[in-house]
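Visitor: sequence below, structure please.
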Amino acid sequence: MGTQGAHAPTRLGRYELLARLATGGMGEIFLARLEGAAGFEKLFVVKRILPHLADDARFRGMLIAEAQIASKMSHANICQVYELGETARQLFIVMEYLEGISILPLLRRSSKENRPLDLGFVAGIIQQTTDALHYAHELKDRNGELMGVVHRDVTPANIFLTESGVAKVLDFGIAKVKDASAHTQTGAVKGKYAYMAPEQLRGGSVDRRADVFALGVVAYEMLALRRLFQRKTDYLTFRAVMEQPIPDVRRYRADVPDALAEAIARALDRDPDQRYATARQLGTALLDAIGKRPWSQGELSDFVRTEFAEEIAKRSSDVAHAIGRNKPGAHPGRATTMPMIAPEECPEPGDADYDEDEFPSVESTVSDSPPLEAMRALRDSSPNAEFQGQTPPPFGGESNTNVSGLSPLTGMQPHLGTVVAKRSLVWPLLAIAMVGIAGAALFLVWRQMQNQQPPPIVNITTTPANLAAPAAVVTPEPTTELAGGSARELVDPANTQVAELTTDPTDPTTDKPAKAGVTKAVVRPKKQASPYDVAIQGNKPKINRCAQEHGVPPGNARVVIVVLPSGKPKTVSLEPAALNSTPLGTCIRNVLSGATFPSAKDEMQVAVALKSN
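Guide: Sure thing, here's the model as predicted:
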């Protein structure tokens, strides 16, 4: 049975409230029943504004906007909204009641038990979710104009898998439409940081590609069974989204096809122009890359009923109890408290009962100290940030212009005594101490600037194993006699060989003394850089940044990279092996995991020696 909740009204309009399902910052959700003739009844979910906020124009506008957006949608994979009602100044919306689980507890359990989700299951969820989002993004008003709907909160908690095997996108409560917002003013940040696109985190304008990014995060987590950006604090989560090198999903799941890893990487590109333009394009790319038939609705239903049988049975029992207690004559002469039917809680990082092992994050390379950009963005996304540029009531109506001015009292005699304030030595002494402290601080800063060392620089020496350096092919040319004897180089247009002028007294073609005053041109091959060197050197600035943030590597350090025939890194490991578990090792592995090498017929092994100056 669910836990007991507080007293609540038993009806809202024509709906009988049976149990409280959840309570949030602005509203609460109830399980409700609608009765009809001949014993007809149907269950719904009713969402209302909290009583003490019921008359607040802002919150009323939020609920109305949510209902207006959702009422225009009619799609099998979107939770339906049926009605917006009002009773005694209590606004409420009526939604369909769903039985099943959200994707979040599914990921937590699978991660804890180390059971990867079948690629066909992932394909089935992605197929239905992208269909729903594409439908919402393409929604038009009655004039045929695109509404520009953006969900802005696509997370595992907002993708619900019903008992019948249907994936439903929930909660368009913070959805944005073209030239308007459900409840966010310009510049405010809404959503869960770990699933927000970078442009959304910055408080900039967003379009459907923000949902493409969020669904890319969800797809990554369904495959890796690890949180991609979620960290223990909002600061670290923000920095992870904005600057964390995204590790290849194949690091956590080796059977992910190359094409699937590339499709997810494109969805997670921090530049919106480089992502898929629509959710449908993303869905098509992911399904083609998975290469397996998506699970059918029946197969998804069997999975839910089997894997979560205990949870579903308990919830059904709680619902049956809530219905039974409200039947006429069930509790004669006794007032009862409305029961609380709450889903299994999923603690988040920072909660006291959060267990990192149940759904861990990927390795992080960001430090704990928040940069100014993160602090500024998080400040702007605080609860008061949505009132930027407009003070909410009741404070907006306050003014000090109606305060009566103070005037001297008349008819009273002044006090005959004179009070002389005594001077205190505390403030002068305090001022002297502060000046001394400031001077000492400036001296320390000056000394630090004098002793400041340049940032560490890591020199990279690449040694590709199993790879012979390309031999320079030199076509013999007849010896050229040049008068004058001045030394210079002749470089061929193809830049593959160098003609060096020499005054060697021996003719290399006849081994006889050369003619006096004649300079010979000897053609020698020009050394060319290996394409593996080029690929590694291209990532040298990022590796130097790792050294600056986490310390320089030891003198004997090196990285060994196994490169697939496609040119993508298969494995990246450091020597000595103890470096792999350090922040420096994690940072370097993340950088080189994203490098692109030349394609080859076989796997190649590249050894990278790291030496710091």
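
Visitor: please count neighbours and contacts with C-alpha atoms only from this point.
Guide: OK.

Visitor: let me see the mean pLDDT of the helix or strand hosting K611.
Guide: Using DSSP states H and E, K611 sits within strand 604-612. The pLDDT scores in strand 604-612 average 82.

Visitor: direction included, what does it pair up with?
Guide: Looking at strand 604-612 with DSSP bridges, its partner strands are strand 458-465 (antiparallel), strand 558-563 (antiparallel).

Visitor: in the last one, what counts as buried?
Guide: Burial within strand 558-563, assessed by neighbour count using 16 or more other C-alpha atoms under 10 Å, is assigned to R558, V559, V560, I561, V562, V563.

Visitor: mind listing the residues bridging to the first one?
Guide: In this case it means R558. Judged by DSSP bridges, the bridge partners of R558 are E575, A609.

Visitor: pLDDT at it, what is it?
Guide: Listed pLDDT for R558 reads 87.

Visitor: my guess is it contacts S612. True?
Guide: No: contact criterion C-alpha atoms under 8 Å: R558 and S612 do not qualify, at 11.4 Å.

Visitor: and P247, how many neighbours?
Guide: For P247, the neighbour count with other C-alpha atoms under 10 Å is 21.

Visitor: same check on L592?
Guide: 24.

Visitor: thought it was touching V572?
Guide: Yes: counting by C-alpha under 8 Å, V572 is a contact partner of L592 at 7.2 Å.

Visitor: which residue ranges make up each domain of this structure?
Guide: For the chain, automatic domain parsing gives the domain ranges 3-329, 458-467+530-612, 480-525.

Visitor: and the strands paired with strand 604-612, which one is worst for confidence?
Guide: Per-stretch mean pLDDT for those is lowest at strand 458-465 (a mean of 57).

Visitor: format the domains of the chain as JSON lines; extra columns: distance to I341.
Guide: Listed next are the domains of the chain as JSON lines, based on distance: least, C-alpha to C-alpha, whole Å:
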{"stretch": "domain 3-329", "distance to I341": "5"}
{"stretch": "domain 458-467+530-612", "distance to I341": "43"}
{"stretch": "domain 480-525", "distance to I341": "76"}
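
Visitor: out of those domains, which comes closest to R447?
Guide: Closest to R447 of these is domain 458-467+530-612 (C-alpha to C-alpha; 20.8 Å).

Visitor: apart from its neighbours in sequence, what residue is nearest A136?
Guide: V149 (6.2 Å; C-alpha to C-alpha, 6 or more residues apart in numbering).

Visitor: state the distance from that neighbour to A132.
Guide: According to C-alpha to C-alpha, to the nearest Å, V149 and A132 sit 12 Å apart.

Visitor: I'd assumed G85 was in a strand, is it?
Guide: Yes: counting by DSSP: H, G, I helix; E, B strand; the rest coil, G85 is part of a strand.

Visitor: what number of residues lie near it?
Guide: G85 has 17 neighbours, counted by other C-alpha under 10 Å.

Visitor: show me what it is bridged to.
Guide: Under the criterion used (DSSP bridges), G85 bridges to F92.

Visitor: next up, the contacts around it.
Guide: G13, L91, F92, I93, V94 (C-alpha atoms under 8 Å, 6 or more residues apart in numbering).

Visitor: count the residues that sit near G585.
Guide: 24.

Visitor: and the gap between the nearest residue to it once chain neighbours are set aside and K570?
Guide: Leaving aside its chain neighbours, G585 sits nearest to L579 (5.2 Å; criterion: C-alpha to C-alpha, 6+ apart). For L579, the distance to K570 (C-alpha to C-alpha) stands at 19 Å.

Visitor: same check on S296?
Guide: S296 sits 33 Å away from K570, going by C-alpha to C-alpha.

Visitor: higher neighbour count, the two?
Guide: K570 (19 against 16).

Visitor: would you map the helices across the stretch 1-150 of the chain?
Guide: Applying DSSP state H, counting those that start in this stretch to the stretch 1-150 of the chain gives helices spanning 57-71, 103-112, 119-137.

Visitor: A440: which of the ones you listed is closest?
Guide: Once the helices of the stretch 1-150 of the chain are compared by C-alpha to C-alpha, helix 57-71 is nearest, at 52.0 Å.

Visitor: can you list contacts of the closest one?
Guide: 26, 49, 53-54, 80-84, 91-93, 172-175, 182-183.

Visitor: check stretch 194-205 too.
Guide: The contact list for stretch 194-205, computed with C-alpha under 8 Å, 6+ apart, reads 152-155, 186-189, 193, 206, 210-211, 213-214, 217-218, 228-230, 237-238, 241-242, 270, 377.

Visitor: so what pLDDT did A483 get?
Guide: Per-residue pLDDT puts A483 at 41.

Visitor: ok, now T480?
Guide: We have a pLDDT of 40 for T480.

Visitor: ok, how many other residues are close to the residue nearest to A136?
Guide: By other C-alpha under 10 Å, the residues close to V149 number 24.

Visitor: distance of it relative to P156?
Guide: Distance from V149 to P156, counting by C-alpha to C-alpha: 20 Å.

Visitor: and for F92?
Guide: Computed as C-alpha to C-alpha, the F92 to P156 distance reads 26 Å.

Visitor: TSV please, covering the buried residues of strand 558-563 and showing distance to T278.
Guide: Formatted as TSV, the buried residues of strand 558-563 follow (distance: C-alpha to C-alpha, whole Å):
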residue	distance to T278
R558	42
V559	39
V560	38
I561	35
V562	35
V563	32
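
Visitor: quick one: contacts for the closest residue to S593 other than its chain neighbours?
Guide: Leaving aside its sequence neighbours, S593 sits nearest to P569 (C-alpha to C-alpha, 6+ apart; 5.8 Å). The contact partners of P569, taken as C-alpha under 8 Å, 6+ apart, are I561, V562, V563, L592, S593, G594, A595, T596, F597.

Visitor: strands along the stretch 201-350 of the chain, start to end?
Guide: Along the stretch 201-350 of the chain, the segments classed as strands by DSSP state E, counting those that start in this stretch run 339-340.

Visitor: in it, where is pLDDT below threshold?
Guide: Scanning the stretch 201-350 of the chain for pLDDT under 70 picks out 326-336, 342-350.

Visitor: where along it do the helices fall?
Guide: Using DSSP H, counting those that start in this stretch, the helices of the stretch 201-350 of the chain run over 208-224, 234-243, 258-267, 279-290, 297-307, 309-325.

Visitor: what's the angle from the last one to helix 297-307?
Guide: When axes from the mean of the first three to the mean of the last three C-alpha atoms, to 10 degrees is applied, the directions of helix 309-325 and helix 297-307 differ by 90 degrees.

Visitor: just checking, what packs against helix 309-325?
Guide: Using 3 or more C-alpha pairs under 8 Å, 6 or more residues apart in numbering; DSSP states H and E, the elements in contact with helix 309-325 are strand 15-23.

Visitor: run the angle between the strand it packs on and helix 309-325 for me.
Guide: If you take the same axes, to 10 degrees, strand 15-23 sits at 140 degrees to helix 309-325.
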